[in-house]
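Undergrad: dropping a prediction and its sequence here:
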Amino acid sequence: MTKIFLNIKGMHCESCAKLIESEMENEVKKIKVSFSNGKAEIEFDEEKISEDEIKNKIKSLGYKLK
């Protein structure tokens, strides 16, 4: 398992954080997104999804990574 911490820019409310979590929950082992901190903690299996794929998925939802 790999754990990464990402800074996410562009979240406007708690619903934005929940959207990212719900879109990613089936592809990663664990995800916790904090709207107030603008951060995400993601634990995933590199054999199933790469860090780049995770970042691209978040970007495709309309958010930017710092």
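TA: Received the coordinates, thanks.

Undergrad: would you map the strands across this structure?
TA: In the chain, the segments counted as strands under DSSP state E are 2-9, 30-34, 39-44, 64-65.

Undergrad: partner strands of the last one, parallel or antiparallel?
TA: The pairing partners recorded for strand 64-65 under DSSP bridges are strand 2-9 (antiparallel).

Undergrad: pLDDT (mean, whole number) over the partner strand?
TA: Taken as a whole, strand 2-9 has a mean pLDDT of 98.

Undergrad: contact partners of it?
TA: With contacts defined as C-beta atoms under 8 Å, 6 or more residues apart in numbering, strand 2-9 is touched by 20, 33, 38-46, 51, 54-55, 58, 63-66. C-beta coordinates here come from the backbone N, C-alpha and C atoms, glycine included.

Undergrad: weed out the non-buried ones from those.
TA: Among the contacts of strand 2-9, the ones that count as buried by 16 or more other C-beta atoms under 10 Å are 20, 33, 38-40, 42, 44, 54-55, 58, 63.

Undergrad: can you list those residues in TSV and add distance to M11 and pLDDT?
TA: What follows is those, written out as TSV (distance: C-beta to C-beta, whole Å; pLDDT from 0 to 100):
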residue	distance to M11	pLDDT
I20	8	97
V33	8	98
G38	6	97
K39	10	97
A40	10	98
I42	15	98
F44	20	98
I54	16	97
K55	15	97
I58	10	97
Y63	6	97
